[in-house]
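Chemist: requesting a structural model of the entry that follows:
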Amino acid sequence: MESPEQTLTRLVAAHQRPLLRLCCVVLRDAALAEDAVQETFLKAYRSLSGFRQEASEKTWLTAIALNVCRDMRKSAWWRHATQSLPLDTLPLPAPERDGDAFALGQAIARLPGKYRDAVLLYYYQDMTLTEAAKVLNTSPATLSKRLARARDMLHREVTQA
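Modeler: Residues are numbered from 1 along each chain as shown. Next up, the predicted model:
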């Protein structure tokens, strides 16, 4: 059986990079995203004993990360800080930074939160509808509708550009 420290080390090795990408898109700031990921693993470590494995580790960590990002965005500091990181400097998972893939990445970052989160979890984090719905505390049917609406918004934005 793994010790809590071994479990944390394994979780960080397996999930740090995808969580960092997710937090970068949500927060639009690489340094804040690093802080959010660190806070995510700290919260996960503190609650390891309460993790009942009803969801996958990936789903559990992603839910924690999104909640940390939401908390950061609600803070008084966030409301007064200048969000100056240009969208083209975000570490999106697209292999190249030009053309259609880059435009799509920028469009995703500009989506309203509930649509952006749905797209990121389903397409970029490779979660199933059920897993992503669990993270977002919604039903798979609602998530499916959000994804359809997000695809429509993205299609309109990318074709207008």
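
Chemist: contacts and neighbour counts: CA atoms only from here.
Modeler: Fine.

Chemist: pop the domain breakdown of the chain in here.
Modeler: Annotated domains of the chain cover 1-84, 95-161 [automatic domain parsing].

Chemist: wait, Ala109 touches Tyr115, no?
Modeler: No. Counting by CA atoms under 8 Å, Ala109 does not reach Tyr115; the two are 9.9 Å apart.

Chemist: what's the weakest-modelled helix or strand in this protein?
Modeler: helix 76-80 (a mean of 61; mean pLDDT, DSSP states H and E).

Chemist: tell me how far the helix or strand that comes right after that one lies from the chain's centre.
Modeler: Next along the chain after helix 76-80, taking DSSP states H and E as the criterion, comes helix 99-110. From the chain centre to the centre of helix 99-110 is a distance of 15 Å (CA atoms, centre = their mean, to the nearest Å).

Chemist: which parts of helix 99-110 are buried?
Modeler: Neighbour-count burial for helix 99-110, with 16 or more other CA atoms under 10 Å as criterion, is recorded at Phe102, Ala103, Leu104, Gly105, Gln106, Ala107, Ile108, Ala109, Arg110.
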